[in-house]
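sequence first, then the predicted structure, then my questions.
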Amino acid sequence: MNLKKKYVRVSLLGNPNVGKTTLFNRLTGNTQYVGNWPGVTVEKKEGYIRNARTPIKVTDLPGVYSLSPFSPEEIVTRNYILGENVDILVNIVDATNLERNLYLTTQALELGIPMVVVLNMCDILKRKGKVVDFCSLESSLGVRVLPISAAKNRGIEDLVNFISDFRPQNRKIVFKYMSDIESKLSQISEVLKSENVKQYNNRFVLIKILEYDSLIISSLKLNLKAIQKIDEIRGPQKDIRYEEFIASQRYSKSSLICKNVVSELSKVRHSRISREIDKIVTSRILSFPIFLLILFTIFFISFGPIGTSLQDFARLIIFKGIAHPIDVLLGQFNANSIVQGFISSIVGGLGEVLSFLPQILLLLGLLSVLEDSGYMARAAFIMDRLMVKLGVSGKAFVPLLMGFGCSVPAILSTRILKSREEKKLSIFLIPFMSCSAKIPVYLVFLSAFFPNNKTLMIFLIYILGVIFSIMTALIFKRFIKPKDNSLIMELPDYKIPSVRNLYLHLKDQLKDFLENVGVIILSSSVIVWFLQSFDRSLHFTDENSKSILADLGNFISPIFRFAGFDNWKASVSLISGLFSKEAIISTMSIVFDADESSLSETLHSTFSFASSVSIIVFILLYSPCIAAIATIRKELGTKSAIFSFIYQTSLALVFSSITYQILSAFLK
Amino acid sequence: MPYKTLNEVKPGVFVTVVNIVDDGRIKRRIMDIGILPGVCIEVVKVAPLGDPIQISLLGFDMVMRRSDASKIIVKSVDE
């Protein structure tokens, strides 16, 4: 090992949902979020093993069924492994689905990279009354097999020791194809050897050439003569025939191994319990009522009595426990009135935003529990037929539902979608799923104008967003058409959502939220306070109608004329919402000079009934925050990001104006 | 009729795969999840709105649209 390679580079390879990320977390002490949804790992992740005898770097790769370049995750995984980035391949295999998993193993063995198979979930297999004969599995595969339980943290130490002490050894080819294919493989190998291609001995590359895998062939940069020779060797067979031969031989091999090493294989191994639950949950009659009930329950818990009382409690602590004492303290020290004004407006703004934290965490926690339980895949199953009408598949339902939490992870999770078109369409729909950051803004307006029907009104706002997304989808699907309309998806077993997963998920979200409050909202509060406390000649002013902020607001507000909120205070609040939706509230509490109890009242006197409904419509529809726009740019490019910004904002402007005009006409 | 396509199979019935009639990405995808000639598949259920269908093979439950299933030729296990 040379000096440049400081670490032993280990990669985790396996089918989706076999516990790769759990193992990764166990190995590295990391706390990546683990979902019960195939395709949680869409990017590779890296970590280091502490306390190992040799320094080890671990890479968690997206789960794949095969090393063919069919889906984005397969391409990520394959390119990484073929790119000579790996010293030892850890192939994680689900013992309860050995046959399926070994298909990937048979391919991985052909890569010629040092490998160890770890057999996960042996404990679950045992509970089902079955055992795996490790010795005979080792001799069938020609590599070491180590039993572990990632979930229960068993066998991890053995694996680390094995990797630390690993010495490469020669491996015999244990799996041969029928002689016809084998002879073609050795002929191709001869051609590569004569062309000085160093992978001439790599069975994986040879097989891919035989299958005419264009990515591999073009990466070898063969000359025309060599390609002609290969074409001759391949003969007149159609491409797909080789794939089929090879795939079916791999499967029969996997199946044979499986029969030999697992004792007592029952015919149907799918968990009985999941089937029984599905008899109700995805049944013809009850599936949609249950689906709606689940969604309604989530809303009711988050925004109904439970969520509201949590919020009241948070306000009590923040304003009575923190903000008020600060005010008293400042008064006692006879602080400068500018300083006092500065501190109380910043504390007020931040406090306003923070008081919504419990409610937001509640909503995100419930969505996380739903995902962890395995229900999301069922929702995709029952919703697919409807989603197809919108130009996306049932799988797109998950990113859309996550959009109610936060658009950023929702946009990222569209990576589970197969085609770029479907991904693009879904991303354009996500901003219509009203994100949790907008909740405080709605609630402040609703407390002012609909104090008795808040839960119902919130529900209606969300429904309105969904209606707009449906209309958008119906229009956009004419322009963004997926290439094929195929959906093939795994249905994971139900499981009891783990507290650890919930904790990890919420910890991430809490961190994001606090960073957001800390950086974006604090800095925007400071900027807003500055702009509203000084006039154009930078003199301190008590009348904020003379401030720079008022000038700025007055400059923009004419575009809101038809929407009924063309005052500078509303305008600057909406602009600060482009940085973060929570900032709308912190800005409002500064410009209206109102604290927690008086903001709703102040709004009541500034806005009419019609203009408050119209501004809610505007906030629901207008451009997502900078973080979301940046994520769209990352996933789809600059053009799409700009498009999303313009589309959302103009839609918001048009429909809030229509709302205002209609309402004020009726109310006259 | 001895041969059917998978989308015509009723829930609760076990069938064996005979062939896959598609010559592109979808065939590849179908083969990658283990649907190959000789493999036994159980059609578990149909989604409430009629599409997609839930199938079980190799101890795994999968969801697939009827349009995908129509590319898989199967025969009844008993025949």
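That came in fine, so what should we check first? Predicted model only: the values in this text are computed from it and were never measured.

okay, and the closest residue to chain B within the stretch 351-500 of chain A sits in which element?
Closest approach between the stretch 351-500 of chain A and chain B, counting by CB to the nearest CB: A:Arg385, at 3.7 Å. Quick note: C-beta positions are derived from backbone N, CA and C, even for glycine. Using DSSP states H and E, A:Arg385 sits within helix A:375-389.

list the buried residues for stretch A:546-566?
Using 16 or more other CB atoms under 10 Å in any protein chain shown as the burial criterion, the residues of stretch A:546-566 that qualify are A:547-550, A:552-553, A:557, A:560, A:563-566.

quick one: terminal-to-terminal distance for that stretch?
Counting by CA to CA, to the nearest Å, you get 17 Å between the two ends of stretch A:546-566.

can you tell me what sits against it?
Stretch A:546-566 has contacts (CB atoms under 8 Å, 6 or more residues apart in numbering or on different chains) with A:528, A:531-536, A:541, A:544, A:567-572, A:575, A:591, A:607-608, A:610-611, A:614-615, A:618, A:653, A:656-657, A:659-661, A:664.

give me the buried entries from those.
Buried among the contacts of stretch A:546-566 (16+ other CB under 10 Å): A:528, A:531-535, A:541, A:544, A:567-572, A:575, A:591, A:607-608, A:610-611, A:614-615, A:618, A:653, A:656-657, A:659-660.

who in chain B is up against chain A?
Residues of chain B lying close to chain A by CB under 8 Å from any CB of the partner chain are B:20, B:23, B:25-34, B:36-39, B:42, B:44-45, B:47-52, B:54, B:56, B:58-65, B:67-68.

mind running it again at 6 Å?
By the rule CB under 6 Å from any CB of the partner chain, the part of chain B lying against chain A is B:23, B:26, B:28-29, B:31-34, B:36, B:47-49, B:51-52, B:56, B:58-65, B:67-68.

just the ones in strands from these, please.
B:56, B:60-64 (DSSP state E).

min pLDDT across the residues you listed, which one?
Across those, the member with the lowest pLDDT is B:Phe60, scoring 73.

check contacts around that residue.
Counting by CB atoms under 6 Å, 6 or more residues apart in numbering or on different chains, B:Phe60 touches A:97, A:100.

about what we covered before: and the two most separated of the buried residues of stretch A:546-566?
By the measure CB to CB, A:Ile548 and A:Gly564 form the most distant pair in the buried residues of stretch A:546-566, at 24.9 Å.

just the mean pLDDT for the strand or helix carrying A:Ile470, thanks.
Per DSSP H and E: A:Ile470 is located in helix A:454-476. Model confidence over helix A:454-476, given as mean pLDDT, is 93.

show me where the stretch 251-400 of chain A has its strands.
For the stretch 251-400 of chain A, the strands defined by DSSP state E, counting those that start in this stretch cover A:262-263.

just to revisit the earlier point, what's the local residue count around the closest residue to the residue of the stretch 351-500 of chain A closest to chain B other than its chain neighbours?
Of all residues not flanking A:Arg385 in the chain, B:Leu49 sits nearest, at 3.7 Å (CB to CB, 6 or more residues apart in numbering or on different chains). Residues near B:Leu49, counting by other CB atoms under 10 Å in any protein chain shown, number 15.

quickly note the distance from B:Leu49 to A:Glu490.
Going from B:Leu49 to A:Glu490 by CB to CB, to the nearest Å gives 20 Å.

A:Ala628 now?
29 Å.

of those two, which one has the most company?
Applying other CB under 10 Å to A:Ala628 and A:Glu490 shows that A:Ala628 carries more neighbours, namely 27 against 19.

distance of that one from A:Ser644?
8 Å.

repeat for A:Val617
Relative to A:Ser644, and taking CB to CB, A:Val617 is found at 18 Å.

now swap in A:Lys581 and tell me
Taking CB to CB, one finds A:Lys581 at 15 Å from A:Ser644.

who has more neighbours, the two?
Taking neighbours as other CB under 10 Å, A:Lys581 and A:Ser644 compare with A:Lys581 leading, 26 against 22.

hang on, isn't the more buried one packed against A:Ser436?
No: the pair A:Lys581 / A:Ser436 is not scored as a contact, 8.8 Å apart, by CB atoms under 6 Å.

quick one: list the elements packing against the strand or helix carrying A:Ser589.
In this structure, A:Ser589 sits in helix A:582-591 according to DSSP H and E. Helix A:582-591 sits against helix A:337-354, helix A:439-449, helix A:522-533, helix A:568-576, with contacts defined as 3 or more CB pairs under 6 Å, 6 or more residues apart in numbering or on different chains; DSSP states H and E.

what sits against the residue nearest the centre of chain A?
Central residue of chain A (CA atoms, centre = their mean): A:Ser413, 3.2 Å from the mean position. The contact partners of A:Ser413, by CB under 6 Å, 6+ apart, come to A:399, A:402.

mind checking the SS state of it?
At A:Ser413 the chain is in helix, as set by DSSP: H, G, I helix; E, B strand; the rest coil.

show me which residues of the worst-scoring helix or strand of chain B on mean pLDDT are buried.
Across the helices and strands of chain B, mean confidence by mean pLDDT, DSSP states H and E is lowest for helix B:25-32: a mean of 82. Going by neighbour count (16+ other CB under 10 Å), the buried part of helix B:25-32 is B:26-32.

ok, and what's touching it?
Applying CB under 6 Å, 6+ apart, the contact partners of helix B:25-32 are A:65-66, A:70, A:247, A:486, A:488, B:20.

ditto for stretch A:22-31
Stretch A:22-31 has contacts (CB under 6 Å, 6+ apart) with A:12, A:32, A:34, A:47, A:49, A:58, A:60, A:92, A:150-151, A:153, A:156, A:504.

buried ones among these?
Buried residues within the contacts of stretch A:22-31, counting neighbours by 16+ other CB under 10 Å: A:12, A:32, A:34, A:47, A:49, A:58, A:60, A:92, A:150-151, A:156, A:504.

quick check, nearest of those to chain B?
Looking across the buried ones among the contacts of stretch A:22-31 and measuring by CB to the nearest CB, the closest to chain B is A:Ile92, at 16.3 Å.

am I right that B:Met62 is in contact with B:Ile55?
Yes: here B:Met62 reaches B:Ile55: they are 5.4 Å apart, a contact under CB under 6 Å.

okay, these two: which has more neighbours?
Set B:Met62 next to B:Ile55 and count neighbours by other CB under 10 Å: B:Ile55 wins out with 25 against 21.

shaky segments in chain A?
A:1-5, A:31-43, A:126-129, A:135, A:168-174, A:237-240, A:263-271, A:335, A:516-517, A:596-597 (pLDDT under 70).

for the stretch 1-150 of chain A, just list every one of the helices.
Under the criterion DSSP state H, counting those that start in this stretch, helices of the stretch 1-150 of chain A are mapped to A:20-28, A:72-82, A:98-109, A:122-127, A:134-141.

now those as CSV including mean neighbour count?
Shown next, in CSV, are the helices of the stretch 1-150 of chain A (neighbours: other CB atoms under 10 Å in any protein chain shown):
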stretch, mean neighbour count
helix A:20-28, 23
helix A:72-82, 20
helix A:98-109, 24
helix A:122-127, 16
helix A:134-141, 17
